[in-house]
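K.L.:
fold the following and give me the result.
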Amino acid sequence: MIGGSKLNPNLILFSGYAKLPTGITAGELYKTIGVILIIDVKTGGIVDADCTLATELASKHIARALTGHNINEGPEILGKIVDRIYQGGAKKAIITAIKIIYDKYRSFMAEYDVIEEN
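P.N.:
Residues are numbered from 1 along each chain as shown. Below is the predicted model of the structure:
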């Protein structure tokens, strides 16, 4: 039990941030984009996602596209998904943030010696 709740200790929040281009609304509002993934470290499954885009619709679209995938597919596959379904100015920043999350995930798995289930 964590913090008095029945939070699943295998669900870990990972975040990645990347600089947004100037001249787009999200870039003017935030300067950087944050992509947040909750990953089940036993399976690698992405159980929830969020990102800081200018509109809720765009954020939800990215979240729905990533949720249900597996981080072990690698940043290239997840990046291709974003490349296909998102045609906005923040595309490269989103993909960069996903790569950062992937690196953090691999470091976490090595540091905590987590054994994944297939």
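
K.L.:
going forward, measure contacts between C-alpha atoms and count neighbours the same way
P.N.:
Will do.

K.L.:
quick check: the closest residue to residue 96 other than its chain neighbours vs residue 68, distance?
P.N.:
Closest residue to residue 96 apart from its sequence neighbours, by Cα to Cα, 6 or more residues apart in numbering: residue 18 at 6.2 Å. Per Cα to Cα, to the nearest Å, residue 18 is found 23 Å from residue 68.

K.L.:
and residue 21, by the same measure?
P.N.:
From residue 21 across to residue 68, the span is 28 Å (Cα to Cα).

K.L.:
looking at the two now, which is surrounded by more residues?
P.N.:
Taking other Cα atoms under 10 Å, residue 21 and residue 68 do not tie; residue 21 has more neighbours (18 against 15).

K.L.:
surely the more buried one touches residue 89?
P.N.:
Yes - counting by Cα atoms under 8 Å, residue 89 is a contact partner of residue 21 at 7.3 Å.

K.L.:
confidence score at residue 118?
P.N.:
Residue 118 carries a pLDDT value of 62.

K.L.:
ugh, typo on my part, it should be residue 47
P.N.:
The predicted local distance difference test score for residue 47 is 98.

K.L.:
what does residue 28 give?
P.N.:
Residue 28 is assigned 68 on the pLDDT scale.

K.L.:
any low-confidence regions in the chain?
P.N.:
1-5, 27-28, 114, 116-118 (pLDDT under 70).

K.L.:
how about a cut-off of 50?
P.N.:
Along the chain, the parts satisfying pLDDT under 50 run over 1.

K.L.:
can you give me the helices in it?
P.N.:
25-30, 56-66, 75-85, 91-112 (DSSP state H).

K.L.:
using TSV, lay out these together with distance to residue 43 and mean neighbour count.
P.N.:
Shown next, in TSV, are the helices of the chain (distance: least, Cα to Cα, whole Å; neighbours: other Cα atoms under 10 Å):
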stretch	distance to residue 43	mean neighbour count
helix 25-30	32	16
helix 56-66	15	16
helix 75-85	16	15
helix 91-112	11	18
